[in-house]
Each structure stands twice: as C-alpha cells, then as structure tokens.
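Colleague: only the shape, not the letters, is given here:
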C-alpha cells in the first residue's frame, strides 16, 4: 500500500531517474520524492551529446529532460552535485557522500547508469585524451573538434561502436582528420555482424575517415602534456592531436554491490539483477536504465540495455512498479543513430551467433533498406536505414515470433504488417 507519508528516493539524475520522478507524480503519488544527481547540471538526455549538440545543431538547453523550474513545481526534491556513498538496507536509508546526510526511504530506485571504460595504457593522463558520457564532456569535445577542424588537426578514436562512429562523423563535419582504431574486423561487429558492419565502414571511408582494424591502442605519445601520436599493438604509429576513448561503458554498480544486492555476471553484461518488475534482490529497491540487468522473456535471456529508449521507458516502468501497479517490463530493445546523411533505427536483439541469415529489403547500395536478422524463419531484429515509419511493424515481427518466408521478407511489395498475425 502506497500512501502520502512515504518517501521514494531515486539515485541517479539521468533520463531514467528524471522520468521515474515525473511518472510518480503523474500517477498520483503525493509522498516525498527525492532525486539525487551526482552532476551539477539538471537531468538531461544523452543522445544529443554525440549527435545534434556535438554538431552545434542543437542548443544546450534542448538536452534537458525538464526545465529547471519543473522540479520545484512538482515538489521533487532535487539534489544536484550530490553522491550517495552507502545504502543501509536494514535501516532503509541512503547516506550522502559530501556531508554525510542520511535520508530514509520506503522505496528506492537505482538509476546510476554507466561510465566510460578507460584505456589502461601509458599516456591517458595527457590533456588531449577524452571520453564522452556527460554534458561537460560534450562541451569540451565540441571545442576540441572546432579547433581540430580549423587547424586541420588529427583525432584518433579508439573503438568503432556507436559513440566512436558518431563522433567520427561529427569530427569530419568540422573538418578534422580522423583515424579509428578497432580490434574487430568491421565497425559495430558485435552488434551488426560482418554483413552490415562493412556498410558503415564504407560510409565513413567515403567521408575521409581512416580505419585501422584488428589492432588496439597500446600507448598515447605526448610531449609537454600534449598528445603527439597513438601507437597500436601491431607497431603502427598514428598522428594525433587528440584521442577519444570510445571502448564501451560499464554499469555503475558499486553502490549496489556494497549494499549486497545481486549483480549479474560479465557474460550477461553485468548490472544490477532485477526481475520482470525491475525489483532487485531487495523487494524495496528497484533498478532501471543502463545499470539494470533484466530477464527478457521474449529473448529468453538476461539483458542489460544501454540505449536511450531503455532509460525513457524503464524509468516510468520502475516508478509504476514502486506504486504497486501491475507492470511487466518487456520492451523490445530499440536504438537509433545519425551519421552524415544516414539515419537508422534498430529494434530487437541479435548478437553474433544467434541468427542464421540476414535478409535485406530494399537497396543496401543506396543505403535505403531494412535489414532483418533471422533464425529459423523468425525475425530476431530489424534495422531500417533511411526508411521511416516502420519501427512498430518491425517490433511486431520480433514480438510475435512469427515464421516468415525470407523471400516475402525481402520483397518490398509485400507489406510488413501482413507478414505476422
């Protein structure tokens, strides 16, 4: 039973945390809502940091989830620039790291997100080594790319995942020289496989990006605190004025681990283990967003999803579960990317080895197509590239697990919404 005397605490002021706070109020909760954010900026969305805001096409204020006055207007106690360093599950309290303030909770939501993985090599303390996760990182990187473009400077990017490729595209639009170092044989190899990874390599090569596959950075060379070059394990040396580490993110689970909550193993992406209602191993503590590892009934495995849509939908789902609503979190994973004149959306989950064929509908050469990852006639995932208004249809194919004829799937004259009941 939820009542007005209860206190709900949300640790983590990103999109998941902010949307959870919003949902508590829209669902009628009149108790105390405390939102704790370790950044001094108000809660914001992260996709613009590597897309529109980084490119200078979106204003800084456009990234925020709510205007600053919204929090007071909705009686959300927002603590900016504060960390939580301990959870006492017996006393049901959290302790602030700065001043030791202790706050009691009735329900607690962990929306602590993820943090960039660090390069463990010599030279990472140089001034020109960057990460991209926070608004402050994007502000700094935008300034760096502007200068690199003006001076014909070189940016080396470690990692050809989504962040690495989006920053590469932005850097080229600023006019910088770009080299991407990637251990795999293609960009996005673990996500898209070789069939589609090569398409993104060609897209970037056409814009002047240089790739160095099958290698990893071993040293960043500098002088007087500044970057001069980046060396790889095959003996190559690449000129560089700045280096971006884009080698993935790790869930921020230290608080949950210290509290004795169950943590998923690395094989399943780590993260705080939650059930279908986003409850942790403690029934009064929930987790949502990048940090949550949930069992997905549709894919029959445990997933940890780092993308925007998971925070957008997971935060509200957790809030409703905290209010004892009948909610099961089973959204089809979704993400999107914009690079140069290519826009794409991906729905589903099809890691390497999980599918037996990739079916293309449309013209991959013109980069106007839909790709489907299929196993035994069932669509596991679909990616639409410069083709729009098909996400719901793709997600329906994934969710229904319908047996689909590959020829019909590839035929653009066969309506997608007619392929599954």
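Modeller: Right, received. Where do you want to start? All values reported here derive from a predicted model rather than from experimental measurement.
Colleague: contacting residues for the closest residue in space to residue 205 that isn't next to it in sequence?
Modeller: Excluding the flanking residues, the one nearest residue 205 by C-beta to C-beta, 6 or more residues apart in numbering is residue 211, at 7.1 Å. C-beta coordinates here come from the backbone N, C-alpha and C atoms, glycine included. Residue 211 sits next to 160, 179, 180, 182, 187, 201, 204, 205 when contact means C-beta atoms under 8 Å, 6 or more residues apart in numbering.
Colleague: ok, the closest residue to residue 5 other than its chain neighbours to residue 238 distance?
Modeller: In this structure, residue 5 finds its nearest non-sequential neighbour in residue 31, 6.4 Å apart by C-beta to C-beta, 6+ apart. For residue 31, the distance to residue 238 (C-beta to C-beta, to the nearest Å) stands at 56 Å.
Colleague: same thing with residue 390?
Modeller: Distance from residue 390 to residue 238, by C-beta to C-beta: 39 Å.
Colleague: one step back: hang on, the residue nearest to residue 5 packs against residue 7?
Modeller: Yes. Using C-beta atoms under 8 Å, residue 31 makes contact with residue 7 at a distance of 6.2 Å.
Colleague: who touches both of the two?
Modeller: Contacts common to residue 31 and residue 7, judged by C-beta under 8 Å, 6+ apart, are residue 106.
Colleague: from what I can see residue 393 touches residue 416, true?
Modeller: Yes. With contact defined as C-beta under 8 Å, residue 393 and residue 416 form a contacting pair (4.1 Å).
Colleague: shared neighbours of these two, anything?
Modeller: Contacts common to residue 393 and residue 416, judged by C-beta under 8 Å, 6+ apart, are absent.
Colleague: buried sites along the helix-or-strand element of the chain with minimal mean pLDDT?
Modeller: The helix or strand of the chain with the lowest confidence, counting by mean pLDDT, DSSP states H and E, is strand 301-303 at a mean of 90. By neighbour count on 16 or more other C-beta atoms under 10 Å, the buried set for strand 301-303 is 302, 303.
Colleague: which residues sit against that strand?
Modeller: Contacts with strand 301-303, where a contact means C-beta under 8 Å, 6+ apart, come from 264, 268, 269, 273, 293, 294, 295, 296, 333, 349.
Colleague: quick one, grab the pLDDT at residue 1.
Modeller: pLDDT recorded at residue 1 is 61.
Colleague: now name the helix or strand holding residue 108.
Modeller: strand 107-110 (DSSP states H and E).
Colleague: let me see the mean pLDDT of that strand.
Modeller: Mean predicted confidence for strand 107-110 is 98.
Colleague: what is that strand packed up against?
Modeller: strand 7-11, strand 285-287, helix 308-322 (3 or more C-beta pairs under 8 Å, 6 or more residues apart in numbering; DSSP states H and E).
Colleague: quick one on the thing from earlier: quick one: strands adjacent to the least confident helix or strand of the chain?
Modeller: strand 292-296 (antiparallel) (DSSP bridges).
Colleague: can you tell me which of the contacts of residue 211 are in strands?
Modeller: Applying DSSP state E to these, the entries found in strands are 179, 180, 182.
Colleague: where do the strands sit along the stretch 301-421 of the chain?
Modeller: Taking DSSP state E, counting those that start in this stretch, the strands of the stretch 301-421 of the chain run over residues 301-303, 334-339, 342-348, 357-363, 368-375, 378-385.
Colleague: so which of those strands is the most packed in?
Modeller: strand 378-385 (a mean of 24; mean count of other C-beta atoms under 10 Å).
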